[in-house]
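Participant: generate a structure from the sequence data that follows.
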Amino acid sequence: MSDEPSPRAAKGARRRAKPADPPLPEAGGPVPPAPSVVPAGSASAGTGSVLATPAGTYDPWAAVLERIDDAAALAGLDPDVHGVLRLPDRVFEVAVPVRMDDGHVEVFLGWRIHHNTARGPAKGGIRFHPKLQAAEVAALAADMTLKTAVVDIPFGGAKGGVRCDPRLLSAGELERLTRRYTFQIAPLLGPDRDIPAPDVNTDERVMAWLLDTLDMLQGRSLPEVVTGKPLSVGGMRLHTGATASGVVRCVRAVFSALDMPVAGARAVVQGFGKVGGPLGFLLSSAGMRVVAVCDVGGAVFNPGGLDLSLLAEHVSSVGSVAGFEGGEEIPSADLWAVEAELAVPAALEGAIDESSARRMGARVVVEAANGPTTPEADRVLAERGITVVPDILANAGGVTASYFEWAQSRQGYAWDEELVAARLARTMDDAFTDIWARARDLGVTMRRAAGVVAVERLAGAITARGLFP
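Facilitator: Here you go, the predicted model:
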């Protein structure tokens, strides 16, 4: 799960001009009444326009393919299995028409993408973001495939979302958009097919709307079809904050493996929302000094450690860390240059590029966001001897908790907090131990070792199933 503020109704006047969305892909033609699944083998799903990114911008799909290719080479993967992992199983692109408050109809573009489901039903979040692209959704789905394999839970990888800016939507518009998007992707969803969860700019309220829409369509209660939902409709205790908890387990583990003390260590955190906010408090509780925090509004720095309670009050009041009097404002671009023992990217993908990696002032990077480090930056960090705990391990606490919630909903019996916490801790610790040992055995970085473990587990499932027909 990446970190941005939860959706809220905008105050005052809102822009009503239709967003300047790029034209629909040529392969798809005009938007049909009932959007169809794009076959994984088609040009649109593989190398054609659906997964294309604007020239000169970071290409998340190319980045994840590079990592899959590297893991396949290290693992000596069968070329046929490797080929299966290089394309999404299905790319579902939908039009999402919404009746706005002033009566006009706005048409948004949405996606639900399954990367691979050999190890179980598709699992992945739904994000609402004005710059969302199909390539980003596909890359995040592939990351989820790898992530669920790394922590060895029986899910495949999916992702979805709508290109929109929820800050410009009223609560009613946001609900109508959520319900229409849910209706459009409903053919893919189900407790044994695809289980959505919250992601950037979505939360348990959005998940409750999604759940209710599916229940109305099916005419029955399906609490196991969505995770990250409110407790009042079958959610799980400790699900909120599970991603941050998993990150902290990895911080403790990697510091122990490197013989570095946690108490007194300095940390910088990019993002102070759904993941970064709780994470800052957890790091502070562990004895660390959070000396710098950055979000979309700016960055603040205090070498003695930021008062996170006061910072949280400030963010709640003004919507950003910018202007916080308990720290010195610094350029956001300087965040990674701050001297610290730990750096945690907890925002969007591609946040650490090659330039940032060369300036990195931390000894350890633990990725709380999805895909925050570009391949070029990864190579620089490795050359500099900076240890990186990759996203497909570090932020897997969220999907692990979602697995627990899915199991709880299927059982119809609520798990207590102690059980959730203990099983989450054990899952994260076991996964870290496996990846750390594999990295030492192969003499590679943790990211490369995690990729090897993931593709080997996927290969086992793909080979066991065989090919139909």
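Participant: can you confirm Glu329 is in a strand?
Facilitator: Yes: Glu329: assigned to a strand according to DSSP: H, G, I helix; E, B strand; the rest coil.
Participant: what sits against it?
Facilitator: Glu329 makes contact with 298-301, 322-323 under the criterion C-beta atoms under 8 Å, 6 or more residues apart in numbering. For glycine as for every other residue, the C-beta is placed from the backbone atoms N, C-alpha and C.
Participant: correct me, but Thr463 touches Asp80?
Facilitator: No: applying C-beta atoms under 8 Å, one finds Thr463 not in contact with Asp80, separated by 9.1 Å.
Participant: number of nearby residues for Arg90?
Facilitator: By the criterion of other C-beta atoms under 10 Å, Arg90 has 21 neighbours.
Participant: any chance you could map the strands in the stretch 201-350 of the chain?
Facilitator: For the stretch 201-350 of the chain, the strands defined by DSSP state E, counting those that start in this stretch occupy 266-270, 289-295, 298-301, 328-330, 340-345.
Participant: how about the stretch 351-469 of the chain?
Facilitator: 362-366, 387-389.
Participant: neighbour count, distance to Val364 and pLDDT added to the contacts of Glu329, as TSV?
Facilitator: Output for the contacts of Glu329, formatted as TSV (neighbours: other C-beta atoms under 10 Å; distance: C-beta to C-beta, whole Å; pLDDT from 0 to 100):
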residue	neighbour count	distance to Val364	pLDDT
Gly298	17	25	94
Ala299	24	20	95
Val300	26	22	96
Phe301	17	19	97
Ala322	17	27	92
Gly323	13	30	92
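Participant: wait, which of those residues is closest to Leu335?
Facilitator: Lowest distance from Leu335 to the contacts of Glu329 (C-beta to C-beta) belongs to Ala299, with 5.2 Å.
Participant: who's that closest one bridged to?
Facilitator: Taking DSSP bridges as the rule, Ala299 bridges to Cys294, Ile330.
Participant: state the pLDDT value of the closest residue to Ile68 other than its chain neighbours.
Facilitator: With C-beta to C-beta, 6 or more residues apart in numbering as the criterion, Ile68 has its nearest non-adjacent residue at 5.4 Å, and that residue is Leu85. At Leu85, the pLDDT value in this model is 97.
Participant: for Gly319, same thing?
Facilitator: 89.
Participant: hang on, isn't it packed against Gly298?
Facilitator: No: between Gly319 and Gly298 there is no contact under C-beta under 8 Å: 11.2 Å.
Participant: not counting sequence-adjacent ones, nearest residue to Val107?
Facilitator: Pro97 (4.8 Å).
Participant: show me what contacts the one you found?
Facilitator: So Pro97 contacts 105-108, 180 (C-beta under 8 Å, 6+ apart).
Participant: quick one: low-confidence parts of the stretch 351-469 of the chain?
Facilitator: For the stretch 351-469 of the chain, no stretch has pLDDT under 70.
Participant: as a markdown table, the strands of the stretch 351-469 of the chain with mean neighbour count and distance to Ala257 would be great.
Facilitator: Below are the strands of the stretch 351-469 of the chain laid out as a markdown table (neighbours: other C-beta atoms under 10 Å; distance: least, C-beta to C-beta, whole Å):
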| stretch | mean neighbour count | distance to Ala257 |
| --- | --- | --- |
| strand 362-366 | 23 | 10 |
| strand 387-389 | 23 | 9 |
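Participant: redo those strands as CSV? Include distance to Gly124.
Facilitator: Putting the strands of the stretch 351-469 of the chain into CSV (distance: least, C-beta to C-beta, whole Å) gives the following:
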stretch, distance to Gly124
strand 362-366, 21
strand 387-389, 21
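Participant: for Leu310, find the nearest of these.
Facilitator: strand 362-366 (24.0 Å).
Participant: the closest one to strand 266-270, inter-axis angle?
Facilitator: 50 degrees (axes from the mean of the first three to the mean of the last three C-alpha atoms, to 10 degrees).
Participant: same for strand 362-366, what does it pack against?
Facilitator: Applying 3 or more C-beta pairs under 8 Å, 6 or more residues apart in numbering; DSSP states H and E, we find strand 362-366 packed against helix 242-257, strand 340-345, strand 387-389.
Participant: rewinding a little: would you mind listing the two of the contacts of Glu329 that lie farthest apart?
Facilitator: Phe301 and Gly323 (13.4 Å).
Participant: quick check on the residue of the chain most remote from its centre: phi, psi?
Facilitator: Residue farthest from the centre of the chain, counting by C-alpha atoms, centre = their mean, is Gly103 at 34.1 Å. Per-residue torsions, Gly103: phi 100, psi -20 (degrees, to the nearest 10).
Participant: also Pro390?
Facilitator: Per-residue torsions, Pro390: phi -70, psi 160 (degrees, to the nearest 10).
Participant: next: Phe108.
Facilitator: Taking degrees, to the nearest 10 as the convention, Phe108 sits at phi -100, psi 160.
Participant: that one contacts Leu174, doesn't it?
Facilitator: No: with contact defined as C-beta under 8 Å, Phe108 does not reach Leu174; the gap is 11.4 Å.
Participant: Ile126 sits in which helix or strand?
Facilitator: Here Ile126, judged by DSSP states H and E, is contained in strand 122-129.
Participant: other SSEs contacting the helix or strand that that strand is followed by?
Facilitator: The helix or strand immediately downstream of strand 122-129 is helix 134-150, counting by DSSP H and E. Contact partners of helix 134-150 among helices and strands, from 3+ C-beta pairs under 8 Å, 6+ apart: helix 60-75, strand 90-99, strand 105-116, strand 122-129, strand 156-163, helix 391-394, helix 397-411, helix 446-465.
Participant: pick the most buried one from the ones you listed.
Facilitator: Most buried of the helices and strands packed on helix 134-150, by mean neighbour count (mean count of other C-beta atoms under 10 Å): helix 391-394, with a mean of 30.
Participant: between the lengthiest helix in the chain and helix 397-411, how many degrees?
Facilitator: Secondary structure of the chain per DSSP state H: the longest helix is helix 417-442. On the basis of the same axes, to 10 degrees, helix 417-442 is oriented at 130 degrees to helix 397-411.
Participant: buried stuff in helix 417-442?
Facilitator: For helix 417-442, the neighbour count (16 or more other C-beta atoms under 10 Å) marks 420-421, 423-424, 427-428, 431-432, 434-436, 438-439 as buried.
Participant: show me how far that helix is from its chain's centre.
Facilitator: Distance of helix 417-442 from the chain centroid (C-alpha atoms, centre = their mean, to the nearest Å) equals 19 Å.
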